[in-house]
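Chemist: all I have is the shape, not the residue letters:
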């Protein structure tokens, strides 16, 4: 008889993982606190658009849903930097055919649930709030809207229930369970730039950024011609959400900081006051599993900040890696889960730290001349040495290099970039097509 | 009418803080999960002896209980290092009159509760387990042994309920509350060396250490002639508590590692099997207060590892600092608590990191020749420049220098020590009494 698997949380990672286990023949029951999002109106203003990149696509293709998602996604080939003088500068993310893809969280979640729901051996249970986990049995207790509590025994329980995971809360009481939740100084608020006559009011194939040092605005395209915008601002202090408490202050703030965006958001104050202000939390913990029978993945074990566009991709890669371990170890879950957490923790920590570091890059550095020069050198090096010098952003977004390796190689490459950026003639060398010879003569990149 | 204060937790910090507030005229109610430890037999084997140093004494004297505690304490003037060859080396902690003081946790707690209990405006409620805190009211709910729950409103609520604080648990659900619990790789187990014919079997005025690299044994003296010993060992892996699961393995481990201690613990295997193995957790969080009405202190806000002997001292110093802020701001608790957490968080983080670092010093470095040489140089510098060069251990243990300043100065002084330790003639220079001139000639210590 096939094993009974309980998945707590039917979000992106939960639905994807359900599909994977269903495909492999497990009896899968997915319990979700919220109502079925295919049947209800989604509360607006609570979602940053997702940016799907290589790691995400690999996992989506693995369960056979990649092509369907591609139809709902929009390629973003680079960053479009908006200056306070309303100037525009485009910075490509990688080579000409490389892009990250904007996709709505809700739309993607619907596709994944629909896909998993086709399997006879996958069962979704909505409006089931996890209130307790008995880790040793293992069993889970869910509260229904009528307040009745139902108890489920299972061979395996997986927590894919996000940054405030109930499954993790149970594990947190165990001896030797290390855990941290760290709020960064910035909150976020969703805004929106509507389509005009059914079309985009800004460049469609870009992730738009208004970098302003201590804060920033970003915008990602949607298929209907609109952009989902997100404002990141400290929650207290000068220039904070706390201070933007009057219509006039909000208008004047946008007029000073994001003049071109203000023109495209005529209903700014209404949106600003209606949409919630939400915090950004970083979750780290260990171990991720208990006695080979209970485990957490995705945001439940490693929630990160959104500034590298890797939160979902990292969660999806968890599923890819578990799939590889299932191939290797068959149904030996204690071995699989132990190998998974041991290997994966280092990579989860690496992308967590990178994502936080990238916040500074996005909100500040991308607007500075020396940074652009550096990007130009990096791009030229990548073209000249496509196998030896891969920019860190490309490694993270367009390859499956383990995150921790990307960090390590990034540090080495930064030393080379530092050296070249200080070279006064470097842009001339690049322009004259002599970079490759120059680097080889000076023996600057190890073969 | 005086303000109603609720203190959750009648441990060391809770009882001391109650005494302080009682002295200042507040109506204080202290709720404690456990039974009155003055009336019950204490479960053995769960307590590392306390080492009281300057910060601890200052707070004890502040509430007028210092002299009473001094009578129950034993001065430890230095470390006695036990080699595997049963050799003994004594390293003084500071100057001749400087010592840290061994005191039993239970004994000290009894004294503090007795002292606070003398105030008519301080009321202790034992067997009251905090099950909920309403942070905004504020109010607290306590479960009694008969499972009935009682609710208490209060002007102020303080959580002094230790590393697994219920008050902090309530705060943890707040937006922007950052929190971490980190278990270190080592667990601990209490053992005991009994008195022989009413007297000490080892040097009384020392903290005994058996440093063995990856693990260590320590022993602190008690007034009855016994020593409370603590074994620190990884909880899994080679040489771990997990592996010491048979009588014969325990005996052979001690015979190899702690031969002299084994001779003094004839009932080793009985004690080893009877006493619990307990984990060591580091707690960090922020903020420490909510709306000027609820706050946490001591281990509840900054539990640290015991390797610098500063856990209790740091908790007591919280009370001293709150007393100073009460002098400064009167009864303006929102201002007091905000000033407290802003200033104190940096110092709490500093001693937390120092304590973890000191574990390596205690279990490994103290047994090495180069370390002893360094200590000798440090001691000589302190004698030559008593105001300009104060060893970090002395700053932490024998002064009230903020912990973060001690860290900063320690880093500067380490550079000087590094330089001198590499000087081949340094011990000769010290022996000939020429250190002061040598340092001044080379301008090595800023005036």
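Modeler: Nice, thanks for sending it over. Not measured: the values here are computed from a predicted model. Residues are numbered from 1 along each chain as shown, chains lettered A, B, ... in the order given.

Chemist: from now on I want contacts and neighbour counts done on CA atoms only, so please keep to that.
Modeler: OK.

Chemist: so how far is stretch A:145-158 off the chain centroid?
Modeler: On the basis of Cα atoms, centre = their mean, to the nearest Å, stretch A:145-158 sits 29 Å off its chain's mean C-alpha point.

Chemist: ok, and what's touching that stretch?
Modeler: For stretch A:145-158, contacts defined as Cα atoms under 8 Å, 6 or more residues apart in numbering or on different chains pick out A:3-8, A:127-128, A:137-144, A:167, A:293-297.

Chemist: elements contacting the lengthiest helix in chain A?
Modeler: Longest helix in chain A, counting residues (DSSP state H): helix A:333-363. Counting contacts by 3 or more Cα pairs under 8 Å, 6 or more residues apart in numbering or on different chains; DSSP states H and E, helix A:333-363 is packed against strand A:207-211, strand A:277-286, strand A:289-290, helix A:299-302, helix A:311-329, helix A:403-421.

Chemist: closest to residue B:69 out of these?
Modeler: Nearest to residue B:69 among these is strand A:277-286; the distance by Cα to Cα comes to 40.6 Å.

Chemist: for chain B, what is the nearest residue in the stretch 251-400 of chain A?
Modeler: In the stretch 251-400 of chain A, the residue that lies nearest chain B is residue A:279 (6.9 Å; Cα to the nearest Cα).

Chemist: could you measure from that residue over to residue A:351?
Modeler: 19 Å (Cα to Cα, to the nearest Å).

Chemist: who has more neighbours out of these two?
Modeler: Neighbour totals were compared for residue A:279 and residue A:351, and residue A:351 leads with 24 against 17 (other Cα atoms under 10 Å in any protein chain shown).

Chemist: what about the closest residue to the more buried one other than its chain neighbours, how many neighbours?
Modeler: In space, and not counting its chain neighbours, residue A:351 is closest to residue A:403: 5.9 Å by Cα to Cα, 6 or more residues apart in numbering or on different chains. With neighbours defined by other Cα under 10 Å, the count for residue A:403 comes to 24.

Chemist: ditto for residue A:332
Modeler: Other residues within reach of residue A:332, judged by other Cα under 10 Å, total 12.

Chemist: which residue, other than its chain neighbours, is closest to it?
Modeler: residue A:326 (7.9 Å).

Chemist: got the residues of chain A near chain B?
Modeler: Proximity of chain A to chain B, by Cα under 8 Å from any Cα of the partner chain, involves residues A:175-184, A:279.

Chemist: for residue B:81, state which of those is nearest.
Modeler: Using Cα to Cα, residue A:176 comes nearest to residue B:81 of the residues of chain A next to chain B, at 29.8 Å.

Chemist: test my guess that the closest one contacts residue B:282.
Modeler: No: contact criterion Cα atoms under 8 Å: residue A:176 and residue B:282 do not qualify, at 10.9 Å.

Chemist: show me the shaky parts of chain A.
Modeler: Scanning chain A for pLDDT under 70 picks out the ranges A:1, A:41-48, A:446-447.

Chemist: once you drop chain neighbours, what's closest to residue A:10?
Modeler: Take residue A:10 and drop its neighbours on the chain: the residue closest to it by Cα to Cα, 6+ apart is residue A:32, 5.3 Å away.

Chemist: and that neighbour, how far is that from residue A:113?
Modeler: From residue A:32 over to residue A:113 (counting by Cα to Cα), the distance is 11 Å.

Chemist: shared neighbours, the two?
Modeler: Common neighbours of residue A:32 and residue A:113 (criterion: Cα under 8 Å, 6+ apart): residue A:10.

Chemist: all the strands of the stretch 151-300 of chain A, residue numbers only.
Modeler: A:156-159, A:178-193, A:207-211, A:216-221, A:227-234, A:277-286, A:289-290, A:294-296 (DSSP state E, counting those that start in this stretch).

Chemist: name the stretch among those that sits most buried.
Modeler: For the strands of the stretch 151-300 of chain A, average neighbour numbers computed from mean count of other Cα atoms under 10 Å in any protein chain shown are highest in strand A:294-296, which has a mean of 27.

Chemist: returning to what we had before: how about the contacts made by the residue nearest to residue A:351?
Modeler: The neighbourhood of residue A:403, defined by Cα under 8 Å, 6+ apart, consists of A:347-348, A:350-351, A:396.

Chemist: which of those residues lies closest to residue A:366?
Modeler: Nearest to residue A:366 among the contacts of residue A:403, with distances taken as Cα to Cα, is residue A:396, at 17.9 Å.

Chemist: my guess is that closest one contacts residue A:406. True?
Modeler: Yes: assessed by Cα under 8 Å, residue A:396 is found in contact with residue A:406 at 6.6 Å.

Chemist: looking at the two, which is more packed in?
Modeler: Taking other Cα under 10 Å, residue A:396 and residue A:406 do not tie; residue A:396 has more neighbours (27 against 23).

Chemist: so what's that one up against?
Modeler: With Cα under 8 Å, 6+ apart as the criterion, the residues that contact residue A:396 are A:403, A:406.

Chemist: tell me if it really is in a helix.
Modeler: Yes: the assignment for residue A:396 (DSSP: H, G, I helix; E, B strand; the rest coil) places it in a helix.

Chemist: in the sheet, which residues pair with the closest residue to chain B within chain A? Tell me.
Modeler: For chain A and chain B, the shortest gap (Cα to the nearest Cα) falls at residue A:180, measuring 3.9 Å. Going by DSSP bridges, residue A:180 is paired in beta bridges with residue A:284, residue B:180.
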